[in-house]
Each structure stands twice: as C-alpha cells, then as structure tokens.
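1. have a look; sequence and predicted model below, questions after that.
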Amino acid sequence: MVSERTLPQFNTATVNITKEEGLLLYEDMMLGRLFEDKCAEMYYRGRMFGFVHLYNGQEAISTGIIKALRSGEDYVSSTYRDHVHALSCGVPAREVMAELFGKETGCSKGRGGSMHLFSAQHRLLGGYAFVAEGIPVAMGAAFQSKYRREAMGDPNADQVTVCFFGDGASNNGQFFECLNMSALWKLPIIYVVENNKWAIGMAHDRATSQPEIYKKASVFSMAGVEVDGMDVLAVRSVAQEAIARARAGEGPTLIEALTYRFRGHSLADPDELRAPDEKQFWGARDPITKLATYLVEHNLANSQELKDIEKRVQETINEAVQFAENSPEPDPSELYRYIFAEDE
Ligand SMILES: Cc1ncc(C[n+]2csc(CCOP(=O)(O)OP(=O)(O)O)c2C)c(N)n1
Ligand SMILES: [Mg+2]
C-alpha cells in the first residue's frame, strides 16, 4: 500500500457561500474536466499536434484560486498544463480549442498551441513549457503593480498575481530566487504549487529533501500554507486569505495544494509507473464529486440542476470543437507576425 501524506483537514462549517457562487465553482470545474476529456478525444483523432498535458483531477485548484480573483484585472501565469487555468480566467473555450488546433482564431493566434496559451484581455501571462519559467515572469507582473502603486502613485494598481507551477518546479533555482525577492519586496503575488506527487516519472519524495513544499516559505519569512487540493472550498478559503494579504500590501504567500493528475503526464505517456493503489486513493477523492455532494447536502443545488450544468458545458465544448474545425489556419505570409508587440 502506498503511504500518503495526510491531507490537511478543512472545517466546512467555516464556509460562507451562496447558491450562485457554488454553482459557478461547479460549472467551472465541470468545464475544465469535460474540456480536457474532449482534448484527449481530439488528440487521438489526430486533430492536435505536439505535447498535450491534461489537468484532470486538479480542477479544484484552478477554480478555487482563479475564481477568487478579480476577473480581467488580476494576473495569472501557468505552465504547459494550462488549458484549465485559461478557461478559469475566462478565455472562451472556443479560443482555447482553436489554439490547440493551431488555428488563427486561437487565443495565441494559432502560434502557441497547447503549452502557450496567452490572453492579454484575460490577464493570462501565458503557459510556459520550461519548468519554472513562468515564476520570474509572474514576479515581474507583481512588481509592476507595486511599482505603479507606490512609486507612480496609482491608487488603482492593487492587482494581485497568481503563479501556478508543479512540485517538480519547486526544485528549480528560480523558485527560491523569486521567493526571496518577493518576500523582501512584499510583492502582491501568490505562488501556487500544484503538488501532484509526480514530475513526469519522478516521484516528488525521491527528488526533494523536504517534500512539504509549503514549509520552504518560512526560510524567506513568507506565509506558507498547505491545502487539500481536491477540495475547492478549502482552496477558495486559503486563496481568499492570501489575496486579501497581497492586496493589502502585506506580501506574498506560498500555497501548496495537494493533488493528483488522473491521467498520464501528457497524452503521449502510457502512465505505467504510478501504482494502481495510489491512483485509486486519489481517484476516490474526485474534486467535482466532492463539491456536488456538498452542494446537494447543503441544499444549494439538486442533482437535476447539476445535470443541466453538465449538459450546458458539454454543448459549449462541442461548439468549441466546431468553431476550431471551421476556423482558418494562420496565413504563411504572416509567419513573422506577433513576434514583437504590435500597436493595435
Ligand atoms: C527546465 C526544464 N527542464 C526539464 C523539462 C522537462 N519536463 C517537462 S515537464 C517536467 C516535469 C515537471 O513536473 P511538475 O513541475 O511537477 O509539473 P506537473 O507536470 O506534475 O504538472 C519536466 C522535467 C522542462 N520542460 N523544462
Ligand atoms: Mg507534478
């Protein structure tokens, strides 16, 4: 039997949520899940190229954190596992799907593909394929908010930046350098490490001297918290606290969300290394089922309402595929466009 780190307990009695908010969280997680399932289908049908990394199982983190932000104002940076972060940021499913198909109508104009989703409008700073590459970029975004507010006297510059990355990235030097600088300068940034126990085929516990990543924050006198990444309400709660701290100018937070990916590292990975009992342990903690149970038990939704949401989300995704299929390829004459910023 695989021994599992004890998941932090979360007291649901502390949750303060309306029906509308609860359903929004549910819909966002369902969108993430069904979008990724559709990607797998399209990839195996040869509609997508290159590496495609899916987010199944980790939805509570994207939803719990991003939905607590100010949409279109606060910044988000991601990794190559970025589809669902983009969706939570509000990038339309059709633009994400079109990007994965390499089409001109994609959110990165078909130039980026799965690992490089960007949207200036949605303040998505990008998906980054190099491990830990997004960390200094996110820190730069947080620095500019603080600089505008304090050095340039702009009272509206109170944006918060969220930086997502994996457990593997937390062994990279950029992580430590940026933690140090962010704490020193009290930057409005939240580092969210999605600890899914694996970096491709490398088990986290074999790769790091201190597997409890949130504890690394203390070295920099920074707030560090661990959270059950399979519980969207727990994630939302720690996110709200960290966001308030960052917005108030009280500095950064490192959130370690304990989670698991339900599929292989990428769609090219046969996923033969992880033990069946480990998969079963985490599979039984499906974050979508957990929220559904909570909503029904607290009379915030009935099963028909949840089914209706699922149906609506599926229609959105089917429409996104049609949109992507029918969209044009980028014109080869524009090969060198979008390399530098344009005045538009
Ligand atoms: C700098 C760098 N080194 C190595 C790789 C190859 N690589 C791609 S994904 C990955 C594992 C990263 O794992 P983790 O940070 O835990 O994220 P997860 O895939 O679990 O979401 C590695 C080593 C890379 N992309 N960039
Ligand atoms: Mg990982």
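-> Noted; the coordinates are in hand. Ligands and ions are numbered 1, 2, ... in the order given.

2. excluding chain neighbours, what is closest to residue 113?
-> For residue 113, ignoring the flanking residues on the chain, the nearest one in space by Cβ to Cβ, 6 or more residues apart in numbering is residue 50 at 5.5 Å. The way it works is simple: take the backbone N, C-alpha and C, and place the C-beta from them, glycine included.

3. start and end of stretch 69-85, how far apart?
-> By Cα to Cα, to the nearest Å, the extent of stretch 69-85 from end to end equals 12 Å.

4. hmm, I typed the wrong one, I wanted stretch 106-118.
-> End-to-end distance for stretch 106-118, by Cα to Cα: 10 Å.

5. can you tell me if that stretch touches ligand 1.
-> No. Contact check for stretch 106-118 against ligand 1, using Cβ under 6 Å from any ligand atom: none in range, with a minimum separation of 9.0 Å.

6. picking that back up, is it true that the residue nearest to residue 113 touches residue 116?
-> No. Residue 50 sits out of contact with residue 116 when judged by Cβ atoms under 8 Å, with a separation of 9.9 Å.

7. who's more crowded, those two?
-> Ranked by neighbour count (other Cβ atoms under 10 Å), residue 50 and residue 116 place residue 116 first, with 19 against 15.

8. which residues touch the more buried one?
-> The neighbours of residue 116, taking Cβ atoms under 8 Å, 6 or more residues apart in numbering as the test, are 108, 126, 127, 128, 129.

9. ok, for the third one, nearest residue in space, not its chain neighbours?
-> It stands for residue 127. Computed as Cβ to Cβ, 6+ apart, the closest residue to residue 127 that is not its neighbour in sequence is residue 82, at 3.2 Å.

10. tell me the spacing between the one you found and residue 56.
-> Going from residue 82 to residue 56 by Cβ to Cβ, to the nearest Å gives 14 Å.

11. more neighbours: which of the two?
-> When residue 82 and residue 56 are compared on other Cβ under 10 Å, the one with more neighbours turns out to be residue 82, at 30 against 19.

12. quick check: residues of the stretch 1-150 of the chain near ligand 1?
-> Selection of the stretch 1-150 of the chain residues close to ligand 1 by Cβ under 6 Å from any ligand atom yields 81, 129, 130, 131.

13. nearest spatial neighbour of the first one, chain-adjacent residues omitted?
-> Nearest-residue entry for residue 81: residue 53, 4.3 Å, with adjacent residues in sequence omitted and distances by Cβ to Cβ, 6+ apart.

14. pLDDT at that neighbour, what is it?
-> Confidence at residue 53, expressed as pLDDT, is 98.

15. residue 332: neighbouring residues, count only.
-> What residue 332 shows, counting by other Cβ under 10 Å, is a neighbour count of 6.

16. give me the pLDDT value at the closest residue to ligand 2 within the chain.
-> Closest residue of the chain to ligand 2, Cβ to the ion: residue 166 (3.6 Å). According to the prediction, residue 166 has pLDDT 98.

17. was I right about it contacting residue 199?
-> Yes. With contact defined as Cβ under 8 Å, residue 166 counts as touching residue 199 (6.4 Å).

18. the chain against ligand 2: which residues are in contact?
-> 166, 167, 196, 199 (Cβ under 5 Å from the ion).

19. in helices only, show me those residues.
-> Judged by DSSP state H, the subset of the residues of the chain next to ligand 2 located in helices is empty.

20. TSV for those residues, including neighbour count?
-> Below are those laid out as TSV (neighbours: other Cβ atoms under 10 Å):
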residue	neighbour count
166	24
167	24
196	24
199	19
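
21. now do the helices in the protein.
-> Secondary structure of the chain (DSSP H): helices at 19-44, 59-66, 83-88, 93-100, 134-146, 173-184, 204-207, 232-247, 276-283, 287-297, 303-326.

22. let me know which of those is tucked in deepest.
-> For these, ranked by mean neighbour count under the definition mean count of other Cβ atoms under 10 Å, the leader is helix 59-66 at a mean of 30.

23. that one - contacts with which helices or strands?
-> In terms of contacts (3 or more Cβ pairs under 8 Å, 6 or more residues apart in numbering; DSSP states H and E), helix 59-66 is packed against helix 19-44, helix 83-88, strand 161-166, strand 189-195, helix 232-247, strand 253-258, helix 287-297.

24. find the closest residue to ligand 1 in the stretch 1-150 of the chain.
-> residue 131 (3.7 Å; Cβ to the nearest ligand atom).

25. ramachandran coordinates for that residue?
-> Note on residue 131: its backbone torsions stand at phi -60, psi 130 [degrees, to the nearest 10].

26. contacts only, for it.
-> Counting by Cβ under 8 Å, 6+ apart, the residues that residue 131 touches are 79, 165, 166, 168, 169, 172, 199.

27. again with residue 17
-> Contacts for residue 17 (Cβ under 8 Å, 6+ apart) come out as 233, 300.

28. what distance do you get for it to residue 291?
-> Counting by Cβ to Cβ, the separation of residue 17 from residue 291 is 10 Å.

29. among the residues of the chain next to ligand 2, list the two that are farthest apart in space.
-> Using Cβ to Cβ, the two most remote members of the residues of the chain next to ligand 2 are 196 and 199, lying 8.8 Å apart.
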